[in-house]
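1. Would you be able to build a 3D model of this:
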Amino acid sequence: MSRFAVITLTDAAIDRVTEIVDTAEDGALGIRVGVKNGGCAGMEYTVDLVTEADEKDDKVDAGGSAVFIAPEAVLFLLGTEMDFEVTKLRSGFVFNNPNQTSACGCGESVTLMPASPTAPENA
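-> Purely as a prediction, here's the structure:
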C-alpha cells in the first residue's frame, strides 16, 4: 500500500531538487517546503535546504532526494503540484495549489485556505 503524498512534483521540479542537493556543501538531504504569513496577499511559500531531517515533517520522494513538508503547512499544501520554471525574467519553483484562493500582482504572496481533512477526494 503506497502512502498518500501531500504534494506531487513534476520532472522539472525533481531535477531542480536533485541539482540543489547535489551541489550543496552541507550534505543536504533535500528541501523543506512550508508557508509563512507575509506579503500583500497574506501568505508566502518557503523553500529551505534540509541538512537534518525532522521526524514531524512529511517526506516526498524527489528522485533520490527528498522534499520535506513542514507539519504546519500540510493542510495548506494538500494536493499541490510543485513545478520548476525558467522564463526570461525569473526561475524558481511554482506551486499549482488547489487551496490557493488568490495571489498578489507580483506573484510573491498568496491567499491560502486549509484543505478539509474530512472532505471527500472527488468533491
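
2. does the spatially most central residue of the chain have beta-bridge partners, and which?
-> By Cα atoms, centre = their mean, the chain has its centre lying nearest to residue 33, at 4.2 Å. On the basis of DSSP bridges, residue 33 is bridged to residue 47, residue 69.

3. Identify the residues contacting it.
-> By Cβ atoms under 8 Å, 6 or more residues apart in numbering, the residues touching residue 33 are 7, 45, 46, 47, 67, 68, 69, 70, 73, 77, 82. Using the backbone N, CA and C atoms, a C-beta is placed for each residue, glycine as well.

4. go again using 7 Å as the cut-off
-> 45, 46, 47, 67, 69, 73, 77 (Cβ atoms under 7 Å, 6 or more residues apart in numbering).

5. quick one: secondary structure of the fourth one?
-> In the three-state summary, residue 67 is assigned as strand, counting by DSSP: H, G, I helix; E, B strand; the rest coil.

6. Would you confirm that it contacts residue 17?
-> Yes - under the contact definition of Cβ atoms under 7 Å, residue 67 touches residue 17, with a separation of 6.2 Å.

7. residues shared between the contacts of the two?
-> The contact lists of residue 67 and residue 17 share 30, 31, where a contact means Cβ under 7 Å, 6+ apart.

8. if we can go back for a sec, list just the nearest of the contacts of residue 33 to residue 22.
-> Distance to residue 22 across those (Cβ to Cβ) is lowest for residue 67, with 14.8 Å.

9. what residues are up against that closest one?
-> When contacts are counted by Cβ under 7 Å, 6+ apart, residue 67 is found next to 7, 9, 17, 30, 31, 33, 60.

10. and what of residue 74?
-> Counting by Cβ under 7 Å, 6+ apart, the residues that residue 74 touches are 6, 58.

11. repeat for residue 50
-> With contact taken as Cβ under 7 Å, 6+ apart, residue 50 is in contact with 28, 29, 30, 31, 32, 68.
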